[in-house]
Every structure is written in C-alpha cells, then in structure tokens.
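> Predicted model and sequence follow; I will ask about them next.
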There are 2 protein chains.
Amino acid sequence: MRIDGLQYANWSEEIFRQMREGAVDAIHVTIAYHESFRETVLNFERWNRWFETHPDLILKGLTAADIDRARRSGRTAIFFGFQNPSPIEDDIGLVEILHSLGARFMQLSYNNQSLLATGCYEAEDPGLTRMGKAVIREMNRVGLVIDMSHSAERSTLEAAEWSDRPITITHANPSAWHPARRNKSDRVLRAVTDNGGMIGFSLYPHHLRDGNNCTLASFCEMVARAADDYGIDHLGIGSDLCQDQPDSVVEWMRVGRWTKEIDYGEGSAAAPGFPPMPPWFRDNRDFGQIEAGLAVVGMTRDEVAAVMGGNWYRFFGENFGPAR
Amino acid sequence: MRIDGLQYANWSEEIFRQMREGAVDAIHVTIAYHESFRETVLNFERWNRWFETHPDLILKGLTAADIDRARRSGRTAIFFGFQNPSPIEDDIGLVEILHSLGARFMQLSYNNQSLLATGCYEAEDPGLTRMGKAVIREMNRVGLVIDMSHSAERSTLEAAEWSDRPITITHANPSAWHPARRNKSDRVLRAVTDNGGMIGFSLYPHHLRDGNNCTLASFCEMVARAADDYGIDHLGIGSDLCQDQPDSVVEWMRVGRWTKEIDYGEGSAAAPGFPPMPPWFRDNRDFGQIEAGLAVVGMTRDEVAAVMGGNWYRFFGENFGPAR
C-alpha cells in the first residue's frame, strides 16, 4: 500500500495517470492555503468536477474504507486538507460543515499567527489561543485531524497536549538531520508520536539535507533513525510534492493576502521559486525508489510497508470520524 | 410509519418532544427561503448544534436508511430542503456541495421568478430558464429532489418533462378541491405523478377548503379522491406546519429582501399573519387524527400506511443519491 501524507500539485489528467503508474492508493491533498470559506468551497467544487471527469482514475476519500475501494478498482483515493485554518474563518460551526464536505486535516497555522495558533515564522509564540483550544475540541469531536507542519514549537507542544486525539505533522523532517526552520525538534517529534500521532517525511528540497542534492540513502537513513527514536508505527511519507506549479503559486503560499511585501519563506531573493526535486523523486511514479531505498538501509519488509502506507491507513481508519 | 413532507417550525426541544409523542419518524425541514449560500450554511450549523444537544430525540437524515435507524432508536430523522434556489446563488457547483451537506429537496422558485424557473405569483411564466435546465440535470445526477410547490404552472410542467427523475410538490392540494393560487391543477398533478413523482397534502389553512374551518372529513375525502385520480403510490402528507413562528417570519417568507413594500401573499392586510391551524391538526402530536380520518373515509389499512409515510419512505430511498 502506498499513501502520501501531503501533495499540492497543479492537478491534471497526466498527474492522475502518474499516480496510477506509481501505484499510489491514497493522497492527502491540500485544497486551501489562505482561502476563505467560500473560496475553499470553490476548490471542493473543482475537485467534484475532476471526480466526475476521471471516475476511472480517482475517487473522493472520506474514510479508510475508500482506500480499500480505490485499491479494488485501481484508482487513487483523494483526501482533503487545509494548510491554514482560514476556511473556518471565525466560525467554529464551519469545522463540522467542512468535515461534512470531506476535509480530514487542518493545520492550525501556516507560518504566521492565526486565530488558533502561532506559525513557525513568527518571532513570538504565545501558544494556543482561546479559539484554538475550542476548535481543537471540535476537531476532536468530528474527526478532523490536527496538522502542525507549519506551526511554531510551543503551539505544537500545546496542541499535542490539549488534543484528546493524536495529531500530525504531515510534511516535515527532523531538525537533527537538517536544521531548517520548517523541520521539527526532537521534543516536538516526541510529543506528537507519544500521543499516537504521525510524522510524514517530506521530500521538498528545502526540508532535505543538501537540498535536492540529498541522496536517497541519506533520506532513507534519516527515516530508519527516526524509526529507532520514535517507533516505526508513527512514520509515513508526506512528500509535499508541488508538481507542475508555476512559481507564482509558491509566492501565493508565502504571501497570500497578508502583506504587500515579498516574503521568500524558505527560498531567497536569488532562488524565489519552487526548487527542483531530487532526481530520485520526481513525481508520483517514484515511490518505488523510496520503497527500495528503505530496504537497502536495512528496514524489514513489514517496516517498509508500514512507512509507505500501512501506518497512514491505520491512522486514517482511527481518526476520520467521531472517536469510538 | 409517519413521514411529513414539509415543516418550518420555530424549532425547540418542546417541538422535538412533540414529534416523538406523535411518533413522527421523519420530516423534511425547510432551512432556506431567501438565504444566500453562506446564510444557508449557518442554518446547517444551527441544526448541527441541535443534533449535538438532542441526540436522544433527533438525528440527521441523509438516506432512507436513516429513517430505519431513527425508528429503531425512537428518534425523528430530519431531512433538509430549500424553498428557493437562493442557496446555490449563480453557481451550479453548489448543487453537489449542498447535497454533500445534506440538502435533499430544492424548490426551483418561490412565488417569484428565480434564476431557474417562475414562481406562482408572477404575471408571466416563460418556463424553465437555461440555468434551470442545467441545474435540473445536476440535481438529477446527485440526487437532489426537485420541488415545485411554489412554482408556476408552465415551469412545473416543463420541470416534470425535463427532469430524468421524479419531481415533487411537497406541500399543496388540488385546486379542484380548493382553488387557491398555491394549489395545483389537475394537469400539474397528473404531470408530476405520471413521472413517478409525489404530492404532499398541505394542512396550511390557506390551502384548505374553508381555511381552518375545514373539517377532517373534507380533508380526508380530498385525499381519497386524489388516490382515485392519481394513484395511491404518489401521495403523502406535507403539512407545511410552521409551529411557534412569530408573524415576522411569514412576512420574511413573502417579502425576503426582494421588495421594500409589503406583500401579503396568501394573507391580506386584514389578516397578515400566520393563520391558526385547524383544531384537528395543531402540531406533530396530531398525525394520528389524520390516520384515523383516512380510515373513516374508507381507505384500507395499507392505503393509509402508504399516505402517512410508506410512499415518502420509498421515494426517499430511490431519489436521495445518484440514480441506480
């Protein structure tokens, strides 16, 4: 089984076909960065049209059972998530509404301070807000998974503590391996995994040691080390693949509508765009390379299967609805 | 089984308890008259809070199986509908979005001209619009039922013809029995039922012969006569009960935001408010009176069961999702 914990591609039939070539059973797809509720609904509508146009390639994922259905029929199940809480605006009632529409992950903040929590680019991190605590309870109730990938340290630790259910970092790597601002401290990784949460390892070059010169072996050794440190059951892939996107999109991710200035985020004035991917992971066709690489660094067949999709499958099954 | 094809009460725990006293298994509840998409979402949110607060009395209905679930657990299943297409605004993609949120009925117009069809108070009825035809196809695709209760004659006949699936008049009576503007001609009733559609008989006094002085016997004889004319399988109740609403609400129904004048609709300057209900149908506790009344006018036990809920149950089962 192959499940990717995060992608944000410029979707097309070609990419949907590559998912099938790469035997990808399910993907958590971002459908909002800075969008309002109504704009997010337009993104759901766009996906509804893709499901209607390509019923032979993709289907809408709501529960883990939809992954089984996708596998039986040779398709990829698409699960939705937001990288920012902007879709719920200031209205806690929208948590359940968006869950009804199919949202399954929501980041509490994206780089900046949000109404709920602090992002990883803020100078100060005062932790969860009053609304943040209320919204976590509501997300717990309906089964909308908390994702802290772009959040700051204290907010993340408090979310792991305050949440009654496991939380995630869908796309990041350990700072110990590569000390990027978006990568996560041992303390954060431990807080997330200690509560049953999941870490998705990122293939976005800014999160990789040596950027896109990172070797497959180095990436796979990092995964094997994390399995020793945090337990194999808590690890998956969250590729952060942004295939075929123009550079205007990474600028939108970073700048949204919150500033009139340019913010380069993980990039720089010299390299403001999307970085090229490492040669061993160009797109959805290359999950087999990672699978092979994990075996080469000594992981067992069961361990490789857990990281490539088994763990996400179990996690989806336990966390996408009301608690049992 | 008891199913009501339309209510718009000022909902409260007291009314939910009366539903249980009256053994009402399911109700189609109006959640939009003139509301925009966002305002309609707020109405879904309000119901989510009621489902959360009263899990022992009500549950959200999405399919006919939810009626079985409600009966097994002694609750009432609430199904949602709109009396106007205002919730989809000018965006056909909102048909599927609102169906995902739980909408199961939508009127194509409410008294006035809409983007889709003409209402029964317009002087001219040019029939279905271009968007109306497109939206009917989309409603057919996802399983959102067309309701023409407040639409004009030609628009209704064209909708019955253009729709690939049965349509409804959830709350009205035959004009031949009481010639009110909101009641329906033999031609309309035949067009709807010939295509497998449903008529819900209204208990709103303006739709009754002699208003709230209408006798139970007269109402039940009208039903029995309609069974002879249109077939027992196509008939149900659509009480149009607007319990505990202040008169400002009937003004909102009639006037919305479309005029600065007062429009009395079926009322008058002398009697602008909600009319009192007939004494034999005060609220949800009185469905048993109608059940008894139908037997008195000579309907068989099976016929009474069909009208009181069996027909709506079958119709819900066949029309609330993609066509088989």
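Thanks, I have it. It should be emphasised that the depicted structure is a prediction, and the values quoted were computed from it without experimental measurement.
> per-residue pLDDT, the closest residue to A:S175 other than its chain neighbours?
Distances taken as Cβ to Cβ, 6 or more residues apart in numbering or on different chains put A:N183 closest to A:S175, at 4.4 Å, once the chain neighbours are dropped. Quick note: C-beta positions are derived from backbone N, CA and C, even for glycine. Looking at A:N183, its pLDDT reads 98.
> next one: the one 4 residues further on
According to the model's per-residue confidence, A:R187 sits at a pLDDT of 98.
> Do me a favour and get the end-to-end distance for stretch A:309-324?
Start-to-end span of stretch A:309-324 (Cα to Cα, to the nearest Å) is 23 Å.
> quick check: mean pLDDT across that stretch?
pLDDT averaged over stretch A:309-324 gives 96.
> quick one: it to chain centroid distance?
15 Å (Cα atoms, centre = their mean, to the nearest Å).
> and it, is it in reach of chain B?
No. On the criterion Cβ under 8 Å from any Cβ of the partner chain, stretch A:309-324 is out of touch with chain B, staying 10.8 Å away.
> Could you list the buried residues of that stretch?
By neighbour count with 16 or more other Cβ atoms under 10 Å in any protein chain shown, stretch A:309-324 contains the buried residues A:309-313, A:315-316, A:318-320.
> Same check on stretch A:85-98?
Quick answer for stretch A:85-98 (16+ other Cβ under 10 Å): A:85-88, A:93-98.
> Name the SS class of the spatially closest residue to A:D186 that is not a sequence neighbour, please.
Nearest non-adjacent residue to A:D186, counting by Cβ to Cβ, 6+ apart: A:A176, 6.2 Å away. Secondary structure for A:A176, judged by DSSP: H, G, I helix; E, B strand; the rest coil, is coil.
> Near A:A176, how many residues? Count them for me, please.
By other Cβ atoms under 10 Å in any protein chain shown, 15 other residues sit near A:A176.
> Pop out the phi and psi values for A:A26.
Backbone torsions of A:A26, given as degrees, to the nearest 10, read phi -160, psi 150.
> which residues does A:D247 contact?
A:272-274 (Cβ atoms under 8 Å, 6 or more residues apart in numbering or on different chains).
> gap between the closest residue to chain B within the stretch 101-250 of chain A and B:V142?
Across the stretch 101-250 of chain A, the shortest distance to chain B (Cβ to the nearest Cβ) belongs to A:L101, at 5.4 Å. To B:V142, A:L101 is 13 Å away according to Cβ to Cβ, to the nearest Å.
> Those two: which is more packed in?
A:L101 (23 against 19).
> Please verify my assumption that the residue of the stretch 101-250 of chain A closest to chain B contacts A:V41.
Yes. In this structure A:L101 lies within contact range of A:V41 using Cβ atoms under 8 Å: 7.4 Å.
> anything in contact with each of those two?
B:I97.
> Could you give me the buried positions within the longest helix along chain A?
Using DSSP state H to define each element, chain A has its longest helix at helix A:37-53. Using 16+ other Cβ under 10 Å as the test for burial, helix A:37-53 gives A:37, A:40-41, A:43-45, A:47-48, A:50.
> Distance from it to the middle of the chain?
Worked out by Cα atoms, centre = their mean, helix A:37-53 lies 19 Å from the chain centre.
> tell me the pLDDT at A:W11?
pLDDT, read off for A:W11, is 98.
> rewinding a little: which ChimeraX command selects the buried ones in the contacts of A:D247?
Typed into ChimeraX, the line below selects the buried ones among the contacts of A:D247, using 16+ other Cβ under 10 Å:
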select /A:274
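> between the contacts of A:D247, which is nearest B:D233?
Nearest to B:D233 among these: A:F274, at 60.4 Å, using Cβ to Cβ.
> Check the secondary structure at the closest one for me.
coil.
> Look up how far A:W252 lies from it.
A:F274 is 12 Å from A:W252, by Cβ to Cβ.
> ranges for the helices of chain A?
A:13-21, A:37-53, A:65-72, A:93-101, A:130-142, A:153-162, A:186-194, A:216-230, A:247-255, A:287-296, A:301-305, A:311-319.
> Could you double-check that A:E251 sits in contact with A:F274?
No. Assessed by Cβ under 8 Å, A:E251 is found out of contact with A:F274, at 10.0 Å.
> what sits against the residue of the stretch 201-324 of chain A found nearest chain B?
Closest to chain B within the stretch 201-324 of chain A is A:P322: 10.8 Å, counting by Cβ to the nearest Cβ. A:P322 is in contact with A:141-143, counting by Cβ under 8 Å, 6+ apart.
> so how far is A:M139 from it?
For A:P322, the distance to A:M139 - Cβ to Cβ - is 11 Å.
> before we move on, what about A:Q7?
Taking Cβ to Cβ, one finds A:Q7 at 22 Å from A:M139.
> on that earlier part again, could you dump the buried residues of helix A:37-53 into CSV and include distance to B:A191?
Listed next are the buried residues of helix A:37-53 as CSV, based on distance: Cβ to Cβ, whole Å:
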residue, distance to B:A191
A:F37, 39
A:T40, 40
A:V41, 35
A:N43, 39
A:F44, 35
A:E45, 32
A:W47, 37
A:N48, 31
A:W50, 37
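> Around chain B, which positions in chain A sit nearby?
A:37-38, A:41-42, A:44-46, A:48-49, A:91, A:93-94, A:96-97, A:100-102.
> Please identify which of the buried residues of stretch A:85-98 is nearest to chain B.
A:G93 (3.3 Å).
> residue contacts, the nearest residue to that closest one once chain neighbours are set aside?
Distances taken as Cβ to Cβ, 6+ apart put B:E45 closest to A:G93, at 3.3 Å, once the chain neighbours are dropped. B:E45 makes contacts with A:91, A:93-94, A:96-97, as judged by Cβ under 8 Å, 6+ apart.
> likewise A:R181?
By Cβ under 8 Å, 6+ apart, the neighbours of A:R181 are A:120-121, A:266.
> out of those residues, who's nearest A:D210?
A:E266 (14.6 Å).
> Is it correct that that closest one is in contact with A:H206?
Yes. The criterion here is Cβ under 8 Å, and A:E266 meets it with A:H206 at 4.0 Å.
> For these two, list the residues in contact with both.
A:180, A:182.
> Could you dump the buried residues of stretch A:85-98 into CSV with pLDDT added?
As requested, the buried residues of stretch A:85-98 are arranged in CSV below (pLDDT from 0 to 100):
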residue, pLDDT
A:P85, 98
A:S86, 98
A:P87, 98
A:I88, 98
A:G93, 98
A:L94, 98
A:V95, 98
A:E96, 98
A:I97, 98
A:L98, 98
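> which two from those end up farthest apart in space?
Across the buried residues of stretch A:85-98, the two lying at the largest distance from each other (Cβ to Cβ) are A:S86 and A:E96, at 17.0 Å.
> Any figure for the gap between the residue nearest to A:W252 when sequence neighbours are not counted and B:P272?
Nearest residue to A:W252, sequence neighbours excluded (Cβ to Cβ, 6+ apart): A:Y33, at 6.7 Å. Using Cβ to Cβ, A:Y33 is found at 50 Å from B:P272.
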